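Q: give me a 3D structure for the following:
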Amino acid sequence: MSDLRWYLPLEHCTTLDDVRSRWQELLERSRMAPFHNVPRYEDAMLSFLGTSALAPWLKLAAVLACGSAFDFDFRLAVGLLKEQIDELDAAWPATVAAAVGDNGPALPIATSDAWLGAFIAGRLAGLRETFGHDGTRADNWRAAFWNRYLEMACRHADAEGVARALRHGADPRADGHAAILTPARGVHRGFLPESGHLTPGRSNADYQSILLQLLEGGLPRTEMLAAALPAAAGADNTDMLDFLLAQGADMRADGAPALAAAARNMAVEALAWLLAHGADVHAEDGAALLAGVASLHVGTVEMLLAAGADLQAASSLAFRTALTSRPHDFYSDESDLVDERADMLVFLLAQGMRPSGADAVDALKAEFYARRVIDAAAGHEGIALADAELLRVLAERAWGPGSAA
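A: A predicted model of the protein is given here:
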């Protein structure tokens, strides 16, 4: 049974008590309970709400009764099912009707636990109340649900789910083209946070089919390619880059963001592929070079310089970037990265970077670890005497005489 269809044994249930008796067991069996890796639990809720054939009132009651509000936004469920629940026109108990009746009808909950029924009713009333407080409508949350569902289906290469979401008006461009990014990365070795979210058994061909399905659903080809190219490059997936090129990707127009994504993620195979296929290393004011510096990976910067990147023109920004970079995807937040930053500074100085003026001094004053980085670079075993002296001069201008070791 597919993870996304974890709920299938619930399809025969007719009461909330029946659903509750199996709910947690089924989630744990599919490793989709709240304590499992994100986004598996959210995927489970999206799939259940959007795909299960249970009655709308029973689906909503199940999520409100059994779901974790810490791991899933219940407003998505209420927005999705509000119209169908409203059609039932179930009456609130007279004791609370005056307080909550204006927000819509109750759920026709059938449960042997009276306290649970009251808990669900309170949750529903509170969620409906938030729509007014937030200035949003249920329609907004229904649209948000189907956009999330589309992204989830694309991530799992679930063609049926993609078709369902598109039929309900999901927009592949929503949330920063989230639905495009995962299939564009395909099956990759890149060290990205999304690596653990891929569905086992899927191939690049599966994800390529999803991208084509989005095009068939009305997504403009140029938009798909512009969003997909940097995603594939950042994942170091040259097979996907080949596919996007065959679909008409324009290296002159969209190559610069892709180069920067590859450089930022130390995706050296994709970087070489892009350079070989005409991506402009000078585009967007040398953004790729600065992205490479930000990765603190000397080999990436060497490739860009060998391709003609202009370090002299970007000296001030390259100095600031090397001094302050914290590539979260690759290093612990607890690391001060002093040695890695010093290594990059020494390398860039050896390649001709010449930071000077108020910009360099301001950069030193603004960075918490700057003194340690400058001391480490100035005392680096590979630094030239002239470069060490330059750093000492900058340190004295920033913090006064004797500031650098």
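Q: tell me the domain ranges of the chain?
A: The record, using automatic domain parsing to delimit domains, assigns the chain the ranges 3-136, 311-405.
Q: adding distance to Leu245, mean pLDDT and mean neighbour count, write those domains out as a markdown table.
A: For every residue, glycine as well, the C-beta is placed using N, CA and C. Putting the domains of the chain into a markdown table (distance: least, C-beta to C-beta, whole Å; pLDDT from 0 to 100; neighbours: other C-beta atoms under 10 Å) gives the following:
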| stretch | distance to Leu245 | mean pLDDT | mean neighbour count |
| --- | --- | --- | --- |
| domain 3-136 | 30 | 88 | 17 |
| domain 311-405 | 26 | 88 | 17 |
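Q: what's the closest of those domains to Leu166?
A: Nearest to Leu166, of all the domains of the chain, is domain 3-136, at 12.3 Å by C-beta to C-beta.
Q: from Arg167, how far off is Ala314?
A: Note on Ala314: its distance to Arg167, by C-beta to C-beta, to the nearest Å, is 48 Å.
Q: repeat that for Asp375.
A: In terms of C-beta to C-beta, Asp375 sits 61 Å off from Arg167.
Q: pull the contacting residues for the nearest residue to Val78 once chain neighbours are set aside.
A: In this structure, Val78 finds its nearest non-sequential neighbour in Leu127, 4.8 Å apart by C-beta to C-beta, 6 or more residues apart in numbering. Listed by C-beta atoms under 8 Å, 6 or more residues apart in numbering, the contact set of Leu127 reads Phe74, Arg75, Val78.
Q: what about the helix or strand hosting Leu212, distance to the chain center?
A: Per DSSP states H and E, Leu212 falls inside helix 204-216. Distance of helix 204-216 from its chain centroid, counting by C-alpha atoms, centre = their mean, to the nearest Å, is 19 Å.
Q: and the average pLDDT for that helix is what?
A: Helix 204-216 shows a mean pLDDT of 97.
Q: right, and the helix or strand after it?
A: Following helix 204-216 toward the C-terminus (DSSP H and E): helix 221-234.
Q: what's the angle between that next one and helix 204-216?
A: If you take axes from the mean of the first three to the mean of the last three C-alpha atoms, to 10 degrees, helix 221-234 sits at 150 degrees to helix 204-216.
Q: dump helix 221-234 to CSV, keeping only the CA atoms.
A: What follows is helix 221-234 as a C-alpha-only set of coordinates in CSV (Å, rounded to 0.1, in the frame of the first residue of the first chain):
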residue,chain,number,x,y,z
ARG,A,221,6.8,26.3,-20.7
THR,A,222,9.1,29.4,-20.2
GLU,A,223,8.0,29.6,-16.5
MET,A,224,8.5,25.9,-15.9
LEU,A,225,12.0,26.0,-17.4
ALA,A,226,13.0,29.2,-15.6
ALA,A,227,12.1,27.7,-12.2
ALA,A,228,13.3,24.2,-12.9
LEU,A,229,16.8,25.0,-14.3
PRO,A,230,18.2,26.4,-11.0
ALA,A,231,16.6,23.6,-9.0
ALA,A,232,18.1,20.9,-11.1
ALA,A,233,21.5,22.7,-11.1
GLY,A,234,21.5,23.1,-7.3
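Q: going forward, begin numbering at 617 instead of 1
A: All right, first residue 617 from here; so that's helix 837-850.
Q: helices along the stretch 617-766 of the chain, start to end?
A: Assigned by DSSP state H, counting those that start in this stretch, the stretch 617-766 of the chain shows helices spanning 632-645, 656-667, 672-682, 690-704, 710-716, 730-750, 754-771.
Q: where are the low-confidence patches of the stretch 767-916 of the chain?
A: Within the stretch 767-916 of the chain, the ranges that satisfy pLDDT under 70 run 805-815.
Q: which parts of it are helices?
A: Using DSSP H, counting those that start in this stretch, helices in the stretch 767-916 of the chain cover 775-783, 790-801, 820-832, 837-850, 854-862, 867-880, 884-892, 899-911, 914-922.
Q: looking at these, which is closest to Asp755?
A: For Asp755, the closest of these is helix 790-801, at 14.4 Å, according to C-beta to C-beta.
Q: who are the packing partners of the closest one?
A: Counting contacts by 3 or more C-beta pairs under 8 Å, 6 or more residues apart in numbering; DSSP states H and E, helix 790-801 packs against helix 754-771, helix 820-832, helix 837-850, helix 854-862.
Q: how much space separates the nearest residue to Val716 once chain neighbours are set aside from Met768?
A: Distances taken as C-beta to C-beta, 6+ apart place Ala741 nearest to Val716, at 4.1 Å, with adjacent residues excluded. Applying C-beta to C-beta, the value for Ala741 to Met768 is 28 Å.
Q: now swap in Ala685 and tell me
A: For Ala685, the distance to Met768 (C-beta to C-beta) stands at 19 Å.
Q: ditto for Arg789
A: In terms of C-beta to C-beta, Arg789 sits 16 Å off from Met768.
Q: more neighbours: which of these two?
A: A direct count of neighbours by other C-beta atoms under 10 Å for Arg789 and Met768 places Met768 higher, at 26 against 16.
Q: so what's that one up against?
A: With the criterion set at C-beta under 8 Å, 6+ apart, Met768 makes contact with Leu620, Pro655, Glu658, Asp659, Leu662, Ser663, Asp774, Gly777.
Q: follow-up on the earlier one: can you add distance to Leu674 and mean neighbour count and give the helices of the stretch 767-916 of the chain back as a markdown table?
A: Output for these, formatted as a markdown table (distance: least, C-beta to C-beta, whole Å; neighbours: other C-beta atoms under 10 Å):
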| stretch | distance to Leu674 | mean neighbour count |
| --- | --- | --- |
| helix 775-783 | 20 | 18 |
| helix 790-801 | 28 | 22 |
| helix 820-832 | 31 | 19 |
| helix 837-850 | 38 | 24 |
| helix 854-862 | 41 | 19 |
| helix 867-880 | 44 | 24 |
| helix 884-892 | 47 | 20 |
| helix 899-911 | 50 | 23 |
| helix 914-922 | 54 | 18 |
